Structure formats: C-alpha cells, structure tokens
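S.K.: have a look at this fold, sequence not included:
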C-alpha cells in the first residue's frame with residue numbers, strides 16, 4: 001500500500017519529542033490522532049517504527065532509517081513552499097534565530113527590535129538559551145554559536161572573536177585578595193555546571209585552573225553574572241557583558257584572558273531565502289559596528305580597570 005505523505009509529519013513530531021502529548025502540542029493536534037497516524041504509517045510500511053513504553057517512544061532501527069528520509073522530504077517540502085509560495089523572494093514570514101543567552105539577551109535582543117520594526121512583514125523570533133540548535137530539524141533558521149559546525153548541509157561565517165576575563169566586585173577582592181593564578185583555588189569560583197556544558201568552548205575554568213569544579217554553578221550566564229555582582233565570588237564572564245556592570249572589576253587581567261569566536265550559521269536550503277539572508281546581514285552588520293564591545297581595548301566601561 002502507498003502510505004500517506006502527511007503521516008510523515010506526525011512521525012517526525014514523535015521522533016523528535018519522544019512523547020505523544022508533546023508531539024501533539026508541537027503539531028497542533030491531539031495525542032489520539034498522532035497515535036493513529038503513526039500506527040497507520042507503520043501498517044502501510046509493514047514495520048515497527050517505535051518501541052512504546054511508559055517512558056515514551058524510542059525509535060527502532062526502521063524508525064532511524066525512516067527519519068533520515070523523512071527529514072530530507074521535509075527539507076525539500078520547505079524549499080518547494082518557499083519557492084512556489086514566493087517566500088524565497090519575499091521579505092515576509094517568520095525568521096527564528098537561536099543564540100547563546102548572553103549574546104542573545106544582552107546584545108542581540110534590543111537590536112532585533114529595530115530590525116523587526118524596519119521589516120513589518122517579518123515575524124522575528126529569538127530563542128536565547130545555552131544549547132545546541134538543530135538546523136536540519138528546523139529548530140531555528142539562523143544560529144549564532146561558539147563553535148563552527150564540522151558536518152551537515154550548513155554554511156557559516158565568522159561573526160567576531162570576543163574576550164573573557166575573571167570578574168568580581170571590589171568589595172569581594174578587598175576581603176579576599178587575589179595576588180596570582182595559583183590562589184584561585186582558595187576562592188568561591190562561579191561557572192557552568194561541568195556535566196551540563198553543551199560545548200567544550202564554554203569550559204573556561206578548566207582552561208584557567210585545570211580540573212576544577214566551580215563551587216557555585218549554573219547553566220545560565222546571567223545567573224553567573226548576578227552572583228558575581230552580588231559579591232559572592234569570581235566568575236569568567238564575556239567582556240561585552242561584564243564591562244558594563246558598575247559593580248565588577250577584572251581579576252588578574254594581565255595573566256588571564258580567554259578568547260572565543262561567535263559563528264553565524266544557517267542551513268544550505270535557506271541560503272537564497274531573502275528573509276534569512278536579510279536577517280543574517282543585519283546581525284553581521286550590528287556585530288561589525290560594535291567590534292570594540294567584543295574585543296575591548298583600554299579601560300572597561302564599568303567599575304574595573306586593566
């Protein structure tokens with residue numbers, strides 16, 4: 001029997017969510033319909049696509065094979081819609097941007113408001129959270145990442161290098177002086193939760209101190225920033241954020257400086273999309289015009305000095 005192409009939408013939703021209820025919300029349906037459509041697909045293909053359990057739906061080997069085909073079909077369908085419906089050449093529709101929390105919230109969000117106002121036909125969505133985004137699964141149209149992708153049908157460009165330093169309040173340093181790098185192990189260090197670091201580029205404390213777990217940790221960069229501003233310890237923070245804080249000063253700036261890179265990434269299928277290309281150009285121009293924010297020279301804006 002020929003299967004219904006539309007059933008693939010339900011299959012993809014379950015494959016990505018792992019649970020019927022979550023898949024149903026994603027696709028705008030109810031869990032009974034999702035279950036029925038997946039079962040119908042299995043019947044027409046003559047293969048079990050998922051192992052059902054109280055914990056959710058796990059793909060079988062046949063399901064894994066179908067996933068590769070289904071994602072290719074989804075990608076082609078998106079291209080057809082963009083081309084035939086005119087979205088490829090029109091500055092309208094939705095553009096979703098995934099970015100790390102610090103860059104997304106502190107730098108990009110206020111600027112994207114101006115971009116949205118200048119392009120009323122666009123719906124601009126910003127997902128600012130510390131995680132990896134899957135462009136092949138359409139979790140975002142554009143991604144700003146701290147590592148360049150090594151595989152996949154993606155294209156990328158370097159946005160900018162940026163620097164990070166150790167930061168603490170002047171009061172904290174007066175009460176707990178830091179004379180050299182070897183003393184850092186005696187201090188309350190603030191950083192990422194080691195086992196939840198989603199990319200090695202964020203493992204700053206290992207670079208600074210070797211295998212040293214922070215005493216206070218969070219997956220959220222703003223939580224780390226606020227803890228440091230409250231005088232609770234020392235954190236590794238991006239200069240484009242921390243140098244604007246009047247409470248913070250740099251710690252050991254002559255001996256400790258970390259450099260990372262932001263990359264601008266999109267899927268090859270969207271390379272010719274006007275909405276995606278326009279948004280990428282805007283982001284690149286905003287970063288270029290604020291180059292000294294990411295690679296500052298001279299005195300910080302806030303309370304510290306080099």
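M.R.: Sure, I can see it. Every value quoted in this text rests on a predicted model; they were computed, and no experiment measured them.

S.K.: contacts only, for residue 234.
M.R.: Shown in contact with residue 234 (C-beta atoms under 8 Å, 6 or more residues apart in numbering): 166-168, 172, 178, 184, 187-190, 228, 251. In short, each C-beta sits where N, CA and C put it, glycine included.

S.K.: same thing but 6 Å
M.R.: Contact partners of residue 234, counting by C-beta atoms under 6 Å, 6 or more residues apart in numbering, are 166, 168, 187, 189, 251.

S.K.: excluding its backbone neighbours, what's nearest it?
M.R.: residue 168 (4.5 Å; C-beta to C-beta, 6 or more residues apart in numbering).

S.K.: the one you found sits in which helix or strand?
M.R.: Following DSSP states H and E, one finds residue 168 within strand 154-169.

S.K.: pull the residues that contact that strand.
M.R.: Outside strand 154-169, the residues that touch it by C-beta under 6 Å, 6+ apart are 148, 228, 231, 234-239, 242, 247-248, 250-253, 256-265, 267-268, 271, 287, 294-295.

S.K.: neighbours of residue 256, how many?
M.R.: Residue 256: 18 surrounding residues under other C-beta atoms under 10 Å.

S.K.: which secondary structure state is assigned to it?
M.R.: Put simply, residue 256 is coil when judged by DSSP: H, G, I helix; E, B strand; the rest coil.

S.K.: what about it, distance to residue 213?
M.R.: Counting by C-beta to C-beta, to the nearest Å, the gap from residue 256 to residue 213 is 18 Å.

S.K.: which is the next helix or strand following the strand holding residue 168?
M.R.: helix 170-175.

S.K.: now for the helix or strand just after that following helix, which elements pack on it?
M.R.: Note on helix 170-175: by DSSP H and E, the next helix or strand toward the C-terminus is strand 189-191. Other helices and strands packing on strand 189-191, by 3 or more C-beta pairs under 6 Å, 6 or more residues apart in numbering; DSSP states H and E, are helix 221-229.

S.K.: who does the helix or strand just after the helix it packs on pair up with?
M.R.: Next helix or strand after helix 221-229 toward the C-terminus (DSSP H and E): strand 234-238. The sheet places strand 234-238 alongside strand 154-169 (antiparallel), strand 189-191 (parallel), with pairing taken from DSSP bridges.

S.K.: pLDDT value on the nearest residue to residue 294 once chain neighbours are set aside, please?
M.R.: Counting by C-beta to C-beta, 6+ apart, residue 294 lies nearest to residue 162, which is 3.9 Å off, once chain neighbours are set aside. With respect to pLDDT, residue 162 has a value of 96.

S.K.: and residue 162, how far from residue 247?
M.R.: 21 Å.

S.K.: looking at those two, which is more packed in?
M.R.: Between residue 162 and residue 247, counted using other C-beta under 10 Å, the more crowded position is residue 162 (24 against 20).

S.K.: what bridges to the more buried one?
M.R.: According to DSSP bridges, the partner residues bridging residue 162 are residue 260.

S.K.: does the residue lying closest to residue 6 once chain neighbours are set aside count as helix, strand or coil?
M.R.: Among residues not flanking residue 6 along the chain, residue 37 sits closest, at 7.7 Å (C-beta to C-beta, 6+ apart). Recorded secondary structure, residue 37: helix (three-state DSSP).

S.K.: what about residue 37, neighbour count?
M.R.: Residue 37 has 21 neighbours, counted by other C-beta under 10 Å.

S.K.: surely residue 13 is in contact with residue 26?
M.R.: Yes: in this structure, residue 13 is within contact of residue 26 by C-beta atoms under 6 Å, at 5.1 Å.

S.K.: so which of the two has more stuff around it?
M.R.: More neighbours surround residue 13 than the other of residue 13 and residue 26, with 21 against 15 (other C-beta under 10 Å).

S.K.: domains of the chain?
M.R.: 7-70, 88-160+261-290, 162-258 (automatic domain parsing).

S.K.: neighbours of the residue nearest to residue 234, just the number please.
M.R.: Neighbours of residue 168 (other C-beta under 10 Å): 26.

S.K.: list the contacts of the nearest residue to residue 108 once chain neighbours are set aside.
M.R.: Distances taken as C-beta to C-beta, 6+ apart put residue 99 closest to residue 108, at 5.8 Å, once the chain neighbours are dropped. Contact analysis of residue 99 by C-beta under 6 Å, 6+ apart lists 108, 128, 144.
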